[in-house]
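Peer 1: What follows is a predicted structure for the sequence shown.
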Amino acid sequence: MSAADHPPATRLILEAGRADRQYWYDLWRYRELFFILAWRDVAVRYKQTVIGIAWAFVRPFMTMVIFTIVFGHIAKLSGDGVPYAVLVYAGLLPWTLFSSVFGDASSSVMSNSNLISKVYFPRLIVPLSTVVVALIDFAVSLSILVALMIWYRVVPGWQILLLPVFVLLALLVSIGPALWSAATVVKYRDFRFVVPFILQFGLYASPVGFSSAIVPPEWRLLYNLNPMVGVIDGFRWCVVGGTSPIYLPGFLLSLVVTAVLLWLGVWSFRRTERAFADLI
Amino acid sequence: MADTVIRAEGVGKKFIIGHRVEQHALFRDAMVNGVRRFFSMGKSVLKGSGGIAGDEFEEFWALRDVNFEIKRGELVSIIGHNGAGKSTLLKILSRITEPTTGRIEIDGRVTSLLEVGTGFHPELTGRENVFLNGAILGMTRAEVRRRFDEIVAFAGVEKFIDTPVKRYSVGMYARLAFAVAAHLEAEILVIDEVLAVGDAEFQARCLDRMSEVANSGRTVLFVSHNLAAVTALTRRALVLRAGQLTFDGPVQAALAHYTATLGKTAERLNWGRGGDSTLVSADLLDADGKPTERFVPGMPLNVRVVVETTGMPGLCLEFTMRDELNLPIAFYSAGIFNQVTLPTEIGRFECTIVLEPLVLAAGQYAIDIATSFTNVHADHVVDNALRFFVETCSPGKSSFNFRQSLGTGSFAMALAKPIEFKPLPSASTG
């Protein structure tokens, strides 16, 4: 960046434990690096394998088939009149978005260790840029949902227009835990083995394979402590409309939990960040 | 205007080095420890403290109480032995890590170049990598686009610019990487050892380019083992020794100070540690078995190494000898050449490796020492672990002093058999 981009009087003071007041300004100034890193991840992903693209289709589709068989046909859970495949897939989409952001961001700092030990930039850029790859995969998987809805002749209501809001919410839910996990993996290398376990657990703890309407009413609020419940419910509501209403108090609770997690994630990442280069 | 752009006051950097008490030599132990570690980890994750129960910690000051000032437009080099704290200082200046004590005030934008080709991705094309690398080094896309043709021409890779860099030769890759770095626009440029790339011709071009940059009024901080480059590019030098600034002044005087201390590495330098083995110290020995920094050409090369091992089988010692330009000139691997590995029991060992005589030209040499899993990967690598010099080299008792600086190489070849000239019938008489 040339000198013209910033005021000439940029006095930088490096000192132990100095809270970097410029951090958020720097984050904005380095936005190009954010896009370039995101673009790199996308380019590499789609260059390395033809399967790269196919993978974005195959994975959610196969999971949907299995969940539909297990929960819809074997366990015979109710879909409230909605084709079970659509119900499952509408839950699977936001979940996959969450799990790719969480999974990729967790390892992102370690896999970019060569950058972190050689160049300065706000480290938040690294885990945040993984969001873009996840979003592109999400867009690809979304096309399957469209195909499914046409196949089962499900006509969405006006709520479908709110879908982007819930995509954004899904991202916010993912980013908090993802940042915390990314920082923890740097500190404790073996934590990366815990990440898949968390995701596995989360898949069944969230209403992906079933509608959260089957949760007994007295547990419903507690269930919403899992912020993905609010996101998935909202997503389903957008796709299949009135037959899958949002449970409002629970949804608000999910929002609060999301905000707390986001704050915790950013805080823990920022705290560990200054030592990244020493730990890697 | 000779105003100060960098002012460092009492800068220190402390590292905590953990010594693992237990070694995971057995998978079973690793599992048990894993469970224990997981629980203690869980606790400390919540508390936010690092470290694992059972580890011992040792403090190590990579830098201590360093003070200096640098004025706008100055060209300053930082020299010192391995582990003297040069890289740590550069990392602090480039904001990669923060100091433990003291403070540094910087006026202006710092661009650091601690490595060429940072972030290059093998799957991406040359063109894509130029933009990626440029962004990583802090250039905007518009800036890269403006200088793109210049960069490509400098690297001389026009024909291959749309080929993935994994298909590049090592030289092409290094040239492209340096070319991006060479076209950075920065107020304060911090450079670490980037000249050790490419062939001699390209190195000369890099040096030219660097002095161009240096003479364009920018402030440059430059770290190198290449003393020729240091004298060519900079006027002032800071000499670091065991984390402390021992000299600050004109570059010639600094080099004299530096070479005077060369080889006197008796103080414990910390070389860090490897995964299953740790090189602790190494000395060159003279004929009487005493440590020395002077090598007499034609004598066996005696190197004493102290190494710690977890007893992992397959580890061996390897040497890479380098000349004054830091180019590798000779290699020895105990594992590959002689099937000798480190003892397969845990502990600290000393060994002396005696290598066949070499007739080395007069000049400076360094040996990188590594422990490595034979033919697999290196475990602990210490660059320039040993430094020594040859004062005079006069093969065959001639009065001629064969020096590296003649540019004819680093070894004198020795005759195995007297030369005889046999008369042959000339073509015309045949």
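Peer 2: Received, thanks. Since we're looking at a predicted model, the values are computed, not measured. Numbering: from 1, shown residues only, chains lettered A, B, ... in the order given.
Peer 1: Next, see if the helix or strand that contains residue A:134 gets close to chain B.
Peer 2: Element membership of residue A:134 [criterion: DSSP states H and E] is helix A:125-151. No - Helix A:125-151 is not in contact with chain B by CB under 8 Å from any CB of the partner chain; minimum separation 10.4 Å. For the C-beta atoms, the positions are set from N, CA and C on the backbone; glycine is no exception.
Peer 1: buried stuff in that helix?
Peer 2: Going by neighbour count (16 or more other CB atoms under 10 Å in any protein chain shown), the buried part of helix A:125-151 is A:125-138, A:141-142, A:144-145, A:148-149.
Peer 1: and that helix, how far from the chain's centre?
Peer 2: Computed by CA atoms, centre = their mean, to the nearest Å, the chain-centroid distance of helix A:125-151 equals 11 Å.
Peer 1: Which other helices and strands does it contact?
Peer 2: helix A:31-48, helix A:51-67, helix A:84-111, helix A:163-187 (3 or more CB pairs under 8 Å, 6 or more residues apart in numbering or on different chains; DSSP states H and E).
Peer 1: mean confidence score for it?
Peer 2: If you average the pLDDT over helix A:125-151, you get 90.
Peer 1: Kindly report the same for stretch B:91-104.
Peer 2: Stretch B:91-104 comes out at a mean pLDDT of 88.
Peer 1: now the end-to-end length of stretch B:350-366.
Peer 2: Length of stretch B:350-366, first residue to last, CA to CA, to the nearest Å: 20 Å.
Peer 1: from what I can see residue A:116 touches residue A:274, true?
Peer 2: No - with contact defined as CB atoms under 8 Å, residue A:116 does not reach residue A:274; the gap is 11.4 Å.
Peer 1: Now for residue 275: which residues touch it?
Peer 2: No chain in the question, so chain A it is. By CB atoms under 8 Å, 6 or more residues apart in numbering or on different chains, residue A:275 lies in contact with residue B:97.
Peer 1: The chain in question should be chain B.
Peer 2: So residue B:275 contacts B:379, B:380 (CB under 8 Å, 6+ apart).
Peer 1: Quickly find the element holding it.
Peer 2: Per DSSP H and E, there is no helix or strand for residue B:275.
Peer 1: buried residues in stretch B:322-332?
Peer 2: B:322, B:323, B:324, B:325, B:326, B:329, B:330, B:332.
Peer 1: what's residue B:246 sitting at in phi/psi?
Peer 2: Per-residue torsions, residue B:246: phi -100, psi -10 (degrees, to the nearest 10).
Peer 1: quick one: what helix or strand has the nearest residue to it once chain neighbours are set aside in it?
Peer 2: Distances taken as CB to CB, 6 or more residues apart in numbering or on different chains put residue B:239 closest to residue B:246, at 5.3 Å, once the chain neighbours are dropped. Element membership of residue B:239 [criterion: DSSP H and E] is strand B:236-241.
Peer 1: Quickly run through the sheet partners of that strand, with directions.
Peer 2: Applying DSSP bridges, strand B:236-241 is found paired with strand B:75-80 (parallel), strand B:244-250 (antiparallel).
Peer 1: Buried deepest among those, which one?
Peer 2: strand B:75-80 (a mean of 24; mean count of other CB atoms under 10 Å in any protein chain shown).
Peer 1: Please compute how far that one lies from its chain's middle.
Peer 2: 15 Å.
Peer 1: quick one, the next helix-or-strand element following it and strand B:75-80 angle?
Peer 2: As assigned by DSSP H and E, the chain's next helix or strand after strand B:75-80 is helix B:86-93. Per axes from the mean of the first three to the mean of the last three CA atoms, to 10 degrees, the angle that helix B:86-93 makes with strand B:75-80 is 130 degrees.
Peer 1: Which secondary structure elements does whatever helix or strand comes next after helix B:86-93 sit against?
Peer 2: Next along the chain after helix B:86-93, taking DSSP H and E as the criterion, comes strand B:101-107. Helices and strands touching strand B:101-107, by 3+ CB pairs under 8 Å, 6+ apart, are strand A:11-15, strand B:4-20, strand B:55-71, helix B:86-93.
Peer 1: right, so of these, which gets closest to residue A:65?
Peer 2: Residue A:65 sits nearest to strand B:4-20 of all the helices and strands packed on strand B:101-107, at 47.1 Å, using CB to CB.
Peer 1: list the buried ones in that closest one?
Peer 2: Quick answer for strand B:4-20 (16+ other CB under 10 Å): B:5, B:6, B:7, B:8, B:11, B:12, B:13, B:14, B:15.
Peer 1: Same question for stretch A:255-269.
Peer 2: Neighbour-count burial for stretch A:255-269 [16+ other CB under 10 Å]: A:255, A:257, A:258, A:261, A:262, A:265, A:268, A:269.
Peer 1: with those residues in mind, which one is nearest to chain B?
Peer 2: residue A:268 (7.8 Å; CB to the nearest CB).
Peer 1: Excluding sequence neighbours, find me the nearest residue to that closest one.
Peer 2: Counting by CB to CB, 6+ apart, the residue nearest residue A:268 is residue A:180, at 4.9 Å.
Peer 1: I'd assumed residue A:270 was in contact with that neighbour.
Peer 2: No - applying CB under 8 Å as the test, residue A:180 and residue A:270 come out as separate, 11.0 Å apart.
Peer 1: more neighbours, the two?
Peer 2: The residue with more neighbours, out of residue A:180 and residue A:270, is residue A:180; 24 against 17, by other CB atoms under 10 Å in any protein chain shown.
Peer 1: burial measure for residue B:409, as a count.
Peer 2: Counted with other CB under 10 Å, residue B:409 comes out at 12.
Peer 1: I'd guessed it sits against residue B:361; true?
Peer 2: Yes - the pair residue B:409 / residue B:361 is scored as a contact, 6.9 Å apart, by CB under 8 Å.
Peer 1: Pick out the residue in the stretch 101-250 of chain A sitting closest to chain B.
Peer 2: residue A:120 (3.9 Å).
Peer 1: tally of neighbours for that residue?
Peer 2: Residue A:120, neighbours per other CB under 10 Å, totals 20.
Peer 1: Residue A:112 too?
Peer 2: 21.
Peer 1: Kindly list the main-chain dihedrals of it?
Peer 2: phi -110, psi 20.
Peer 1: taking the mean pLDDT, what do you get for stretch B:130-140?
Peer 2: 87.
Peer 1: Save the helices and strands packed on strand B:101-107 as CSV, and put in distance to residue A:251 too.
Peer 2: Shown next, in CSV, are the helices and strands packed on strand B:101-107 (distance: least, CB to CB, whole Å):
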stretch, distance to residue A:251
strand A:11-15, 45
strand B:4-20, 46
strand B:55-71, 46
helix B:86-93, 47
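Peer 1: chain center to stretch A:167-183: distance?
Peer 2: 5 Å.
Peer 1: So the residue nearest to residue B:246 versus residue B:85, what's the distance?
Peer 2: The gap separating residue B:239 from residue B:85 is 11 Å, by CB to CB, to the nearest Å.
Peer 1: Of the helices and strands packed on strand B:101-107, which is nearest residue A:111?
Peer 2: Once those are compared by CB to CB, helix B:86-93 is nearest, at 20.4 Å.
Peer 1: In contact with residue B:244, which residues?
Peer 2: Taking CB under 8 Å, 6+ apart as the test, what residue B:244 contacts is B:63, B:64, B:65, B:66, B:85.
Peer 1: Select from these the one having the most neighbours.
Peer 2: Ranking the contacts of residue B:244 using other CB under 10 Å puts residue B:63 first, with 27 neighbours.
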